[in-house]
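Enquirer: Below are the sequence and a predicted model for it; my questions follow.
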Amino acid sequence: MRVSAQTVKGKLVDESNHPLPYANVVLLSLPDSAFVSGTISGEDGLFKLEATSVNQIVKISSIGYKTVYKPTTPANMGIVQLVSDARMLGEVVVKANLPVTRIKNDALETNVQGTVLSKAGTAEDVLAHIPGLQKKADGFEVLGKGSPLIYINGRKLRDIAELDQLTSEEIKSVEVVRNPGARYDATVGAVVRIRTVKRQGDGFGVSLRSSYDQSQNSDFVEQADVNYRHNGLDVFAMVRFDKTTSLQNDILEQTAFTDTIWTQKNYQHSNTDSRSIDGRIGFNYDFNEYHSIGVRYDLSNALHTDMFTAFDSEIQADGLPYDILYSTIAADAKSQPEHQLNIYYAGQIGKGELTWDADYYSNTYTQYTINMENSQDHEDRTVTSDNRVENQLTATKVSYTHPLWGGSISVGGEYTYTNRHDDYVNQEGYVPTTYTRIREQNLAGYAQYSHPLPFGQANIGLRYEHVDFDYFENATFVPGQSRVYDNIFPNISVNGQLGKVQFQVSYAAKTQRPNYSQLRNNITYANRFTWQTGNPLLKPSVTHDITAVGVWRFFQAMVSYKVLRDYILYWGTQVENQSATTLINYINHDRLPSLTVMLAASPTIGIWNLNASAIVMKQWFSLDAAGQRRTYNNPLFVGSLNNTFTLPAGFLLSADFNYQSRGQVQNITLKRPQYTLNIGLRKSLFNDALSIEARANDLLLGCKQEALLYMESAQMKDLSWSDTRSFSLTVRYKFNAAKSKYKGTGAGQDTINRM
């Protein structure tokens, strides 16, 4: 029986009553269950479709949830709650503290809220326990994919330090995207999306944190967050003080194969002492459930940074003693306050959703360095440098999502303008004085279409990027080092569920643009035999990536094969007419294929939660270096065993072990395995309003790195270690704490990172 078309609508939520986006909503005919039409729920969980007969039924499904069937009457279904499908948990007894990992649209999602991960400490600690994520000294790496772009509630992360400012209890889930689609910048090889718990109700909240860390030096962190919410208004602020001291030791052996074989053995000891203060203030206002606006301002100010390095060198020429250099390098870095302003609007217009962001970013820093180089057998040198860098960025982006042909289409664009000055002055003339300027404009547009399938969902996208890169030296435009790029980057993915196995298969083309440090033309003086610079002639690299992901019970698996063209390599050449001096720089290499395989498991057995992963990375790579053809095909293994034990009386014990084998990455050979053992104990008091956490890091002192690098006519071997063994104590107190609901996503973040 046919009737006039009626609009069937509703709102999908999960078990915590949070909106459930991107679920498949399909209209089926009765009694044959033939496909009639379909759509995908929006970010707010809302859906609409047109029913044409009473002999039809609505099928609602989302990977990781039980499928729901609803009649087309009444047409307004109201709130429809989907319940997690416990089958994915396998035969392990389901506990409330089990951090479930599942495929959700384009990502592997790990639930944090209500699990042992919510007690990990900070967002940084949570990410360190996510399968396939590895913590590095300067951030995180999605193994086999590179450094990810990180979002918190849709807002791009400006500074990796923000992860240490967000507590683990505020996190709802973490999603890892290993092959991002067209809506993301083409330079982004992986994305991490952190979603926080949505706090309900009005009122005033405070969260305080104090941390003390003792290694060979003492570090401190003091942080206060305040939040006020009333009706649709949400006002938030944060202030944080950091005092950080770090030590770095290196034994560096370097050989240059020229008309004379120059060998130097360097002993380097570096000490950096810094103090900084960061602040944040902002608000967002929800007019209703369909429209919201917000403004956020971040201020970061390095109050004090001193760097001191002792650099001693034993020099030989053709195996005979030539000289001994004793160098002391002192640097005083000063910076003006770093500013970032973000404005956003998010709303629903008709059946579609519109988001708009605008960003402004600026920072200026200067560094004065004096290198006192004393020679045992030749003349002494005093080398000074005065380096001033100014960065300014303005950016905006817009995106619109609308139902189309039973699926959903998203279109958008982004514009970024960057202006960078980098002046480097050496008064003595040992290295050139340079005044450079980079002016870059990046214009991008994309379209991404998603459509439900009987077993899941298909996505296809296309992104166009136009980059206009202008290079100036001594206020003169240099055409040979300026570039214009026009590129198209496609992507396609299919995900679904077959029986108890969830899967995703995807392809994406990406690019990697050199950062501004790699493009610089100024020369840093280490000693008279070693300099370092960038390469303004570097080209962006292009990556073609095919990735397959599977989830079965508490197991996850991933296989990724990618080919990089014009890959940027760390390199070195000899200075013209001064062949004893090696100039460290960068070059492009034509092709680098690689394969990454990961297997992870996250079971919970009684009070014990295990998060284990094993990853193998293998490349096929060779090049001519130091007088012969060299191959770099040895695989690299990375493994982790993260254990958490829930003990009586509010205690939580953690023991984490991480291991990295010998192997080869690009043209670098890692000669020594690395391993770390970290142990922590956390105690909750007063219904978790107060928590005390003690940690011991790198107990085995295994975080030492030994690397061998071959260059055009030289080789370099470096053994490095720092003061990674430490003890820390953190106290947190919260009163009616409520995380901001700020929805700005930020624009131009990739360029900010390149700065």
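Expert: Looks like it came in fine.

Enquirer: Test of understanding: give the bridge partners of Glu47.
Expert: Not quite, residue 47 is Phe, not Glu. Under the criterion DSSP bridges, Phe47 forms beta bridges with Gly10.

Enquirer: tell me the contacts of Tyr360?
Expert: 339-341, 393-394 (CB atoms under 8 Å, 6 or more residues apart in numbering). No exception for glycine: its C-beta is placed from N, CA and C like everyone else's.

Enquirer: at 7 Å what do you get?
Expert: With contact taken as CB atoms under 7 Å, 6 or more residues apart in numbering, Tyr360 is in contact with 341, 394.

Enquirer: Relative to Arg388, how far out is it?
Expert: 21 Å (CB to CB, to the nearest Å).

Enquirer: do Val542 as well
Expert: Using CB to CB, one gets 34 Å for the distance from Val542 to Arg388.

Enquirer: Low-confidence bits of this structure, can you list those?
Expert: 1-5, 22, 43, 63-64, 85-100, 137, 158, 199-201, 737-755 (pLDDT under 70).

Enquirer: those helices in this structure, which residues are they?
Expert: With helices called from DSSP state H, the chain shows them at 123-127, 162-165, 516-519, 749-754.

Enquirer: State the phi and psi torsions of the residue nearest the centre of the chain.
Expert: Centrality entry for the chain: nearest residue to the mean C-alpha point is Pro148, 3.0 Å, by CA atoms, centre = their mean. Pro148 adopts backbone torsions of phi -90, psi 160, taken as degrees, to the nearest 10.

Enquirer: need the contact list for it.
Expert: Counted by CB under 7 Å, 6+ apart, Pro148 has contacts 140, 142, 190-192.

Enquirer: Please parse the protein into its domains.
Expert: Domain assignment for the chain by automatic domain parsing gives 2-84, 89-196, 203-754.

Enquirer: Please work out which of these is packed deepest.
Expert: Most buried of those, by mean neighbour count (mean count of other CB atoms under 10 Å): domain 89-196, with a mean of 21.

Enquirer: Quickly note the distance from the closest residue to Val206 other than its chain neighbours to Glu169.
Expert: If the residues on either side of it in the chain are set aside, Val206 comes closest to Phe735, at 4.7 Å by CB to CB, 6 or more residues apart in numbering. For Phe735, the distance to Glu169 equals 14 Å [CB to CB].

Enquirer: Quick check: Asn301 touching Lys334?
Expert: No. Checked against CB atoms under 7 Å, the pair Asn301 and Lys334 is beyond contact range at 10.5 Å.

Enquirer: contacting residues for Pro536?
Expert: Counting by CB under 7 Å, 6+ apart, Pro536 makes contact with 471, 481, 519, 521.

Enquirer: which residues touch the second one?
Expert: Which is Gln481. Contacts for Gln481 (CB under 7 Å, 6+ apart) come out as 471, 536-537.

Enquirer: nearest to Ser118, of those residues?
Expert: When those are compared for distance to Ser118 (CB to CB), Pro536 wins out at 47.3 Å.

Enquirer: Name the nearest residue to that closest one, sequence neighbours excluded.
Expert: Gln481 (4.2 Å).
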